[in-house]
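K.L.:
using only what follows, build the 3D model:
(chains A and B)
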Amino acid sequence: MTLPVVVIGLSHKTAPVEVRERFASGSEVLPEVLARITARAEIDEAMFLSTCNRVEIIGLPKLASSHEESARLASHAIRETLRDHIGAHSIEELREYLYERTGEDAVRHVFRVAASLDSMVLGEPQILGQVKDAYDAAVAAGALRSNLSRCVSRAFSVAKRVRTETQLGAGTVSISSVAVDLAKRIFGDLGDRTVLLVGAGEMAEAAAKSLGQQARSIRICNRSFERAANLASHFNATAAPIEQLESELVMSDVVVASTASKNFVITRDLVKRVMKQRKGRTLFFVDIAVPRNVDPAIHEHIDNAYVYDVDDLESEVAENMRSRQAEVAQAERIVEAELALWLQWARGLNVNPTIVALRAKTRGVLVAELERSLGTRLKHLGEAERAALAQMIESATNKLLHAPTTRLKQAAGASDGNDLVRAAQHLFDLPAAPAPEPTSANVSPKKPAPESEERLPH
Amino acid sequence: MVNETVAEGLFYLTAAAYVAASVLFLRFLVRGKGDVGVLGPRLIGVGAALHAVHIVVASLVLHVCPVEGIHFPVSVASMSMAIAYVLARRRLKIEVAGAFIAPLALTSLLASRFVGSAEPSARTKSAILPFHVTTNLFGVALFTLAFSAATLYLIQERLLKKKRIDGVFRRLPPLDVLDRAEHRFLLAGFPLLTIGIITGTLWARRVEMGSSSEVLRSVFGYVTWLVIAAVLFLRAAAGWRGRRAAYGTIAGFGFAVVVLMFYLLRAPSPGTVTASRDAPSAAGLSLAAAAPPAPSSAVELAGAKPRRPEMQP
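P.N.:
Okay, here's the model as predicted:
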């Protein structure tokens, strides 16, 4: 194992929406969760990612007796944090919904998530923004400082490469656009239909974009009227306060709900009243919020009213996936190539202490010999000569260690790199290489570390 | 003889066009293969055109008005349905409803060959009866289309409620399109049915009700009118749309079919109808009026071949 990164979480692939909504949380909860996870002695760095379809904690453990042991302890700590997050007595009851990745698999997972290869709608652009938000929150909370920060930064580069080098993100694809496609399957043409967006966040904006000029009119209803009015002004829509929700529902045909509310905004009783006023005209709800905004009982019990949540959109999404298989394969190749580079770098973390120790020992021996000579036989030398000798010692150290340093770094990328490291330690009587120091690699403790890496995308 | 052969040939060509359309539509529905947006409706259109020519030729051969007898009206009704579909499918966006229409048209065409046969021995002098039969035939054609749309609606609605939105759901017309089509066909058919009921009632006053089946036929005719009227009224006044309207439409169509069955399967009851000597058998297709029994001229109308007397209804 190179770096014992651990990822534990749940997604649309492992848990239904009614389970995911127990874990989902808004940005206001992020600092609290991050504080809880970084307070754990087993965890050195962490990031908490919460989206509609995914909730996960990515953690880098503190040094233990081995990478495997570190990962095991970190896994336990992350599970307990998730348990506390949802206020459950035990996380074991939810074990079947959770996935866990460690080491190389965990890094691959992070890369794939950022590149939208693990999204419900492949190539959808929102996920990268959500990962960046989670990254920023973790950095601000001091939870990301060094190697895990590099890992996530690298994931941004991977996502950027996938977007620029493949057509995975081509076309307007998002949960919202898929929802609009489904509405068209029910109504045929939206040209004589009114679409109501409940909520005025990113998802509502994406839905408004997907609708474009297709709908007769777009109405936006939000708790904050100001925000609704702001969004409405961009899309030639009409804004309404949440208090008018009932009358808005009466005049609408398609409702896209995406608020951050933890409770149902649209209840069965409300829709019962609305359907009477609508004289039974079909009303289609697409609930893309997690936690859900629309009571699913409406779908079961009210005629001509249909409620679809994010999980129900999967078959629509499957169509989208089928046409993108070639792009997916290309994107996966990019992920693997980037993962190989990352692993090479990460293995270098094992070599660096040995190189530093070798260099320190060599230089130490030479400097000690020089100082002994300068104190006795070379006592007469002036400052200029002494400086020249010091320079000579530096050059000699560099030249002498150039070949072994290069070979060790090259070996770091190979599978048998550790053998060479152990040989060097044995031959030069160097201390055994410890697990990578999280704050090494020229990183100040409170800042993310990527200056020696490629530039971050933001 | 030549004309009989032509009529026979047209019959088979019509059947072939309907079979081809049925296969095309069913293949599309079951396997999702083929393009039914253009070819399917065109095949039904070709079938309807051949069907119309067949009816004209066969009626000329037999010297029978197409609205007389039993099997001719059945044939005319199915042809009207196919024509109405071809005319309305693009405006109502119900191309895939051809999956219902083509087999129904085929079944009606084949049925017309085997049920009833009548070349009236006497012609009526009344202008009411042909008018009555014609309006009823067109009404039945439109109700069949409404029934098809309602059935497809219920299938779509069930799939949507079960959240099975791949496969067949994608191939059928959108839910609201079907609801709208069903309503439009009902609206178009209802005035024709109403005229049929009125003219049938007027005609019934001239004849004497004989068997109980004739009474029942009249009762079911009025019930059909009431059910369709209720579906339209409740939709406008109480918002009975979607599933309820579809069930109502299917029920109304069911009653219409019962009336048709009473007529097609009726037993001849000589001597019970005083006006029978003057009345053509086509009056029996009326959804409301009790019509006299069909005269027993032995001509197989569908194929323009004489039928044996023992096969008379």
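
K.L.:
pick out the residue of chain A closest to chain B.
P.N.:
A:Lys279 (2.9 Å; Cβ to the nearest Cβ). Every residue, glycine included, has its C-beta placed from N, CA and C.

K.L.:
burial measure for that residue, as a count.
P.N.:
A:Lys279 has 15 neighbours, counted by other Cβ atoms under 10 Å in any protein chain shown.

K.L.:
got phi/psi on it?
P.N.:
Main-chain dihedrals, A:Lys279, degrees, to the nearest 10: phi 50, psi 40.

K.L.:
not counting its neighbours along the chain, what's nearest it?
P.N.:
Leaving out its chain neighbours, the residue that sits closest to A:Lys279 by Cβ to Cβ, 6 or more residues apart in numbering or on different chains is B:Gly239, at 2.9 Å.

K.L.:
wait, what's in contact with that neighbour?
P.N.:
When contacts are counted by Cβ atoms under 8 Å, 6 or more residues apart in numbering or on different chains, B:Gly239 touches A:275-276, A:278-281.

K.L.:
before we move on, the earlier item: quick check: the residue of chain A closest to chain B touching B:Ala238?
P.N.:
Yes - counting by Cβ atoms under 8 Å, A:Lys279 does reach B:Ala238; the two are 7.2 Å apart.

K.L.:
on that earlier part again, just flag the most distant two among the contacts of B:Gly239.
P.N.:
A:Lys276 and A:Arg281 (11.0 Å; Cβ to Cβ).

K.L.:
and these two? which has more neighbours close in?
P.N.:
When neighbours are counted by other Cβ under 10 Å, A:Arg281 comes out ahead of the other of A:Lys276 and A:Arg281, with 18 against 12.

K.L.:
part of a helix, is that one?
P.N.:
No - applying DSSP: H, G, I helix; E, B strand; the rest coil, one finds A:Arg281 to be coil, outside a helix.

K.L.:
quick one: it and B:Ala245 touch, right?
P.N.:
No - counting by Cβ under 8 Å, A:Arg281 does not reach B:Ala245; the two are 11.6 Å apart.

K.L.:
and the residue of chain B nearest chain A?
P.N.:
Closest point on chain B to chain A, by Cβ to the nearest Cβ, is B:Gly239, at 2.9 Å.

K.L.:
now do that residue against A:Glu300, distance only.
P.N.:
20 Å (Cβ to Cβ, to the nearest Å).

K.L.:
which of the residues in stretch A:364-384 are buried?
P.N.:
A:366, A:370, A:374 (16 or more other Cβ atoms under 10 Å in any protein chain shown).

K.L.:
what's next to it, contact-wise?
P.N.:
Stretch A:364-384 is touched from outside by A:386, A:389-390, A:393, A:396-397, with contacts defined as Cβ under 8 Å, 6+ apart.

K.L.:
out of these, which end up buried?
P.N.:
For the contacts of stretch A:364-384, buried by 16+ other Cβ under 10 Å: A:389, A:393, A:397.

K.L.:
closest to A:Ala141 out of the residues you listed?
P.N.:
Out of the buried ones among the contacts of stretch A:364-384, the member with the shortest distance to A:Ala141 (by Cβ to Cβ) is A:Thr397, at 41.5 Å.

K.L.:
number of residues surrounding the nearest residue to the closest one once chain neighbours are set aside?
P.N.:
Spatially, and ignoring its direct neighbours in sequence, A:Thr397 is nearest to A:Arg363 (4.7 Å; Cβ to Cβ, 6+ apart). Residues within reach of A:Arg363, counting by other Cβ under 10 Å, total 17.

K.L.:
tell me where chain A has strands.
P.N.:
With DSSP state E, the ranges of strands along chain A come out as A:6-11, A:43-50, A:54-61, A:99-102, A:194-198, A:217-222, A:238-241, A:254-257, A:283-287, A:305-309.

K.L.:
how about those strands in CSV, adding mean pLDDT and distance to B:Ile101?
P.N.:
Output for those, formatted as CSV (pLDDT from 0 to 100; distance: least, Cβ to Cβ, whole Å):
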stretch, mean pLDDT, distance to B:Ile101
strand A:6-11, 95, 46
strand A:43-50, 94, 52
strand A:54-61, 94, 47
strand A:99-102, 94, 51
strand A:194-198, 94, 33
strand A:217-222, 94, 35
strand A:238-241, 94, 42
strand A:254-257, 93, 30
strand A:283-287, 93, 28
strand A:305-309, 93, 27
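
K.L.:
and those as JSON lines, adding distance to A:Asp133?
P.N.:
Listed next are those as JSON lines, based on distance: least, Cβ to Cβ, whole Å:
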{"stretch": "strand A:6-11", "distance to A:Asp133": "16"}
{"stretch": "strand A:43-50", "distance to A:Asp133": "9"}
{"stretch": "strand A:54-61", "distance to A:Asp133": "13"}
{"stretch": "strand A:99-102", "distance to A:Asp133": "21"}
{"stretch": "strand A:194-198", "distance to A:Asp133": "22"}
{"stretch": "strand A:217-222", "distance to A:Asp133": "20"}
{"stretch": "strand A:238-241", "distance to A:Asp133": "25"}
{"stretch": "strand A:254-257", "distance to A:Asp133": "22"}
{"stretch": "strand A:283-287", "distance to A:Asp133": "22"}
{"stretch": "strand A:305-309", "distance to A:Asp133": "23"}
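
K.L.:
including distance to chain B and mean neighbour count, could the ones you listed go into a markdown table?
P.N.:
A markdown table is the format used below for the strands of chain A (distance: least, Cβ to the nearest Cβ, whole Å; neighbours: other Cβ atoms under 10 Å in any protein chain shown):
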| stretch | distance to chain B | mean neighbour count |
| --- | --- | --- |
| strand A:6-11 | 20 | 24 |
| strand A:43-50 | 26 | 25 |
| strand A:54-61 | 22 | 28 |
| strand A:99-102 | 25 | 18 |
| strand A:194-198 | 13 | 26 |
| strand A:217-222 | 17 | 24 |
| strand A:238-241 | 23 | 18 |
| strand A:254-257 | 11 | 28 |
| strand A:283-287 | 9 | 26 |
| strand A:305-309 | 6 | 24 |
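
K.L.:
closest one to A:Ala207 among those?
P.N.:
Nearest of the strands of chain A (Cβ to Cβ): strand A:254-257, 4.5 Å.

K.L.:
which pLDDT value belongs to the residue nearest to A:Lys279?
P.N.:
Note on B:Gly239: pLDDT of 82.
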